[in-house]
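Engineer: Got a sequence here, can you model it:
(chains A and B)
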Amino acid sequence: MASSVAVGGRSARKRRPASSSQKSGAALTRTSAFGLGVSMIWFSLLVLIPLSAIIVKATGGGWSTFESVLTNDNTRAALGLTVVASLIITAINMVMGTIIAWVLVRDRFPGKALLDLVIDIPFAMPTIVAGLVLLSLYGPQSPIGVEVSGTRWSVLLAIAFVTLPFVVRTVQPVLEELETDVEDAAASLGATRFTTFRRVILPALVPAIFAGAALSFARGISEYGALVLISGNLPRSTEVVSVRLFSFLEGGNTEAAAAVATIMLVIALLAIVTLDVVQRRVARRG
Amino acid sequence: MSIEIKGVNKMFGDFVALDDVNVSLPTGQLTALLGPSGGGKSTLLRIIAGLDAADSGTITIEGTNATTLPPQKRNVGFVFQHYAVFKHMTVAKNVAFGLEIRKRPKDEIAARVDELLKLVHLSQFAHRLPSQLSGGQRQRMALARALAVEPTVLLLDEPFGALDAKVRKELRDWLRRLHDEVHVTTVFVTHDQEEAMEVADEIVVINNGRVEQVGTPDQLYDEPANDFVMGFLGEITTLNGVMLRPHDIHVSLTPEVAGAAEGTISRLLRVGFEVRATVLTDDGEEVTVILTRTHARQLGLETGVRVWVTPAAGALTMPSLTAAAG
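Structural biologist: Sure thing, here's the model as predicted:
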């Protein structure tokens, strides 16, 4: 189930077709059986068992818990804000990330190596530090005169900040492997730069863009640290799900927290499956 | 004249890729640009296609000045060494690409693609992806794709360079037959002199960014303009200070002709039907001689045997200016 919820920046870079090496039904060799066993145990301990525990916990209170959570205006607002903001930023990332990857691979300019390094910083630094950075720049007494803290813009800003590297890092290696010969071939067949991009380059990048988008969305809906300082956490305005969830826990309402967590789990899963389906459609068209 | 190249220069940084190149390539013929790697032949081809721009000089294609035209407007077909296939499109879609760009009616495109796939013997693979084809099949697909737009000239950049020897030979013959059918002006780049001589009507030898000689395969082989062309088109060896081909040397066990050099066979190597003998003459020259196995047997050649070597009657010779290799 959760196998496609690949956490970690680079793991989803390449998706292999299911039929890559092992034929289904063939007996496992000793080493591959050992490998599979170790991976399954590790994965179960870290992911499957805790996730099941959450679901069990959430359903322990029956439908009424879900109902009360979903009918609560504050929670609904937080869910809506989180999902919508993450979708908007994911869409922006798909465009901006591709452009940044393009610049990093195809263009030559001084400081390129440095920029290539800096791209990872939003991903690498502790999110609470990211929050501090954003607050110092866009908070009260902003040195550049732009104050967004406490508004919904701050939510978008914080999510955009922490999810910036994902699409860049998934698209970059694919773009590096793309031969420029292919573009020359399209040009000599009469295609303009734009047509070449739309019909030849973009289809090759689509799987990587969507893989990055899935990671970006998953990270966006789960963001806490970068948001908690700058958004102001105003219920029904700038409060996101993770903050809402934390306040449930603080209030000792673990059932409600587990219910919210389960809902988020379903949303994440839906988003990733949807992106995968769309990606397959788009890639097949050409 | 189909393609006129006048005074073309091209530098990459400090490196002179093309140095005042002037060539006319005739219409309807199959021309080879032959030369060692890094000699500038691919650069010239890319300049003809408009994929690179010359620093100076003009390119005229079928009477139109194409020097400043972008590649899209030159109506040339280009085939790349590494196929440059559109990986996400089927074979048929690849071939149809240029026609779709030109917004031809759908049924016309389908008919043309069908016809081209037949021409390159790929009809049964129309709905496969390029990754499911072999190298030779991919290159045939790339050729069909380039031919689809009915180009004025067809340019091939080391088209068989990435293929193994057997497939390369097959495709070479096939390209020659295809050209006899289609008659489009074709220019292909190769560093393989055998390939050039077998396939081309005319060969342009390019070295160090300069045209060394232009001529038919026979002209180049029989009347090379200089020692570079002679050395590049076939093996050479030196005998009595003249360069000649190793198979143009007459070997005898007795001094038959006056002036024949006397020597000892120092090495004998058999490769299939031919025997390569190295004769160390008493003047200290190492002469390579190639003869057939039958001939070598008749003479009873073996290492250590004393022989007399002399240029055979009608042999092409050239005074050796530089120390010739081999």
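
Engineer: Can you list phi and psi of the closest residue to chain A within the stretch 101-250 of chain B for me?
Structural biologist: Proximity of the stretch 101-250 of chain B to chain A (Cβ to the nearest Cβ) peaks at B:Ile101, 4.5 Å away. In this view, the C-beta of every residue, glycine as well, is placed from N, C-alpha and C. Main-chain dihedrals, B:Ile101, degrees, to the nearest 10: phi -60, psi -40.

Engineer: OK, contacts around the nearest residue to it once chain neighbours are set aside?
Structural biologist: Take B:Ile101 and drop its neighbours on the chain: the residue closest to it by Cβ to Cβ, 6 or more residues apart in numbering or on different chains is A:Gly190, 4.5 Å away. Residues in contact with A:Gly190 (Cβ atoms under 8 Å, 6 or more residues apart in numbering or on different chains) are B:Gln72, B:Gly98, B:Ile101, B:Arg102, B:Val149.

Engineer: swap in B:Pro311?
Structural biologist: With Cβ under 8 Å, 6+ apart, B:Pro311 has these contacts: B:Leu239, B:Val242, B:Leu244, B:Asp248, B:Ile249, B:His250, B:Thr317.

Engineer: Just put those in TSV and tack on secondary structure, neighbour count and pLDDT.
Structural biologist: Shown next, in TSV, are these (DSSP: H, G, I helix; E, B strand; the rest coil; neighbours: other Cβ atoms under 10 Å in any protein chain shown; pLDDT from 0 to 100):
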residue	secondary structure	neighbour count	pLDDT
B:Leu239	strand	26	88
B:Val242	strand	15	87
B:Leu244	strand	22	88
B:Asp248	helix	19	90
B:Ile249	strand	22	91
B:His250	strand	16	90
B:Thr317	strand	15	85
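
Engineer: how about the residues you listed, which pair is most distant?
Structural biologist: B:Val242 and B:His250 (13.9 Å; Cβ to Cβ).

Engineer: Mind telling me which residue is nearest the centre of chain A?
Structural biologist: A:Ser216 (2.0 Å; Cα atoms, centre = their mean).

Engineer: gap between that one and chain B?
Structural biologist: According to Cβ to the nearest Cβ, to the nearest Å, A:Ser216 and chain B sit 23 Å apart.

Engineer: Which secondary structure state does that residue sit in?
Structural biologist: With DSSP: H, G, I helix; E, B strand; the rest coil as the basis, A:Ser216 sits in helix.

Engineer: pLDDT score for it?
Structural biologist: A:Ser216 carries a pLDDT value of 93.

Engineer: Just give the number of residues close to B:Ala142.
Structural biologist: Using other Cβ atoms under 10 Å in any protein chain shown, B:Ala142 has 26 neighbouring residues.

Engineer: measure it to B:Gly135 for me?
Structural biologist: 11 Å (Cβ to Cβ, to the nearest Å).

Engineer: Need the residues touching each of those two.
Structural biologist: Shared contacts of B:Ala142 and B:Gly135, defined by Cβ under 8 Å, 6+ apart, comprise B:Tyr83.

Engineer: pLDDT weak spots in the chain?
Structural biologist: No chain was given, so I picked chain A. Across chain A, residues meeting the criterion (pLDDT under 70) sit at A:1-26, A:283-286.

Engineer: actually it's chain B I care about, not the one you picked
Structural biologist: B:1, B:321-326.

Engineer: At the geometric centre of it, which residue sits there?
Structural biologist: In chain B, the centroid-proximal residue (Cα atoms, centre = their mean) is B:Ala196; its distance is 3.1 Å.

Engineer: Quick check: nearest residue in space to B:Gly70, chain neighbours excluded?
Structural biologist: Check again: residue B:70 is Pro, not Gly. That would be B:Gly50: by Cβ to Cβ, 6+ apart, it lies 5.9 Å from B:Pro70.

Engineer: how many other residues sit next to that neighbour?
Structural biologist: 23.

Engineer: Got phi/psi on it?
Structural biologist: phi 90, psi 10.

Engineer: Touching, it and B:Leu69? I think so.
Structural biologist: Yes. Contact status for B:Gly50 versus B:Leu69: in contact at 6.0 Å, counting by Cβ atoms under 8 Å.

Engineer: just to revisit the earlier point, now do the SS call for the residue nearest to B:Ile101.
Structural biologist: coil.

Engineer: residues contacting B:Met141?
Structural biologist: B:Tyr83, B:Val85, B:Val91, B:Asn94, B:Val95, B:Val120, B:Leu122, B:Phe125, B:Pro130, B:Leu133.

Engineer: List the residues that contact B:Ile101.
Structural biologist: B:Ile101 sits next to A:Leu189, A:Gly190, A:Ala191, A:Thr195 when contact means Cβ under 8 Å, 6+ apart.

Engineer: ok, now A:Asp181?
Structural biologist: B:Phe80, B:His82, B:Ala84.

Engineer: Phi first, then psi, for the residue nearest to B:Ile101.
Structural biologist: As for A:Gly190, its main-chain torsions (degrees, to the nearest 10) stand at phi 110, psi 0.

Engineer: A:Gly220: which element?
Structural biologist: helix A:202-222 (DSSP states H and E).

Engineer: and residue 235, how many neighbours does it have?
Structural biologist: Went with chain A since none was named. 14.

Engineer: my bad, chain B
Structural biologist: When counting by other Cβ under 10 Å, one arrives at 14 neighbours for B:Glu235.

Engineer: if you skip the residues just before and after it, what's nearest to it?
Structural biologist: Nearest residue to B:Glu235 in three dimensions, chain neighbours excluded: B:Pro246, at 5.3 Å (Cβ to Cβ, 6+ apart).

Engineer: got the residues of chain A near chain B?
Structural biologist: Residues of chain A lying close to chain B (Cβ under 8 Å from any Cβ of the partner chain) are A:179, A:181-182, A:184-192, A:195, A:199-200, A:203-204, A:283, A:286.

Engineer: Narrow the residues you listed to those that are buried.
Structural biologist: Neighbour counting with 16 or more other Cβ atoms under 10 Å in any protein chain shown marks A:181-182, A:184-191, A:195, A:199-200, A:203-204, A:283, A:286 as buried within these.

Engineer: Let me know whether A:Ala101 touches A:Leu175 as I believe.
Structural biologist: Yes. Between A:Ala101 and A:Leu175 there is a contact at 5.6 Å, judged by Cβ under 8 Å.

Engineer: joint contacts of these two?
Structural biologist: In contact with both A:Ala101 and A:Leu175: no residue, using Cβ under 8 Å, 6+ apart.

Engineer: What ranges does the stretch 101-250 of chain B have for its strands?
Structural biologist: B:153-157, B:185-190, B:202-207, B:210-215, B:237-239, B:242-244, B:249-252 (DSSP state E, counting those that start in this stretch).

Engineer: okay, now residue 86: neighbour count?
Structural biologist: Going with chain A. Quick note: A:Ser86 (other Cβ under 10 Å) scores 28 neighbours.

Engineer: that answer is for a different chain, and I need it for chain B
Structural biologist: By other Cβ under 10 Å, 22 other residues sit near B:Phe86.

Engineer: can you pull out the helices in the stretch 51-200 of chain B?
Structural biologist: B:91-101, B:106-119, B:135-148, B:165-182, B:193-199 (DSSP state H, counting those that start in this stretch).

Engineer: Check which helices and strands the fourth one is in contact with.
Structural biologist: With contacts defined as 3 or more Cβ pairs under 8 Å, 6 or more residues apart in numbering or on different chains; DSSP states H and E, the secondary structure elements packing on helix B:165-182 are strand B:30-34, helix B:106-119, helix B:135-148, helix B:193-199.

Engineer: Could you check that helix and say which residues are buried?
Structural biologist: Using 16+ other Cβ under 10 Å as the test for burial, helix B:165-182 gives B:Val167, B:Arg168, B:Leu171, B:Arg172, B:Leu175, B:Leu178, B:His179.
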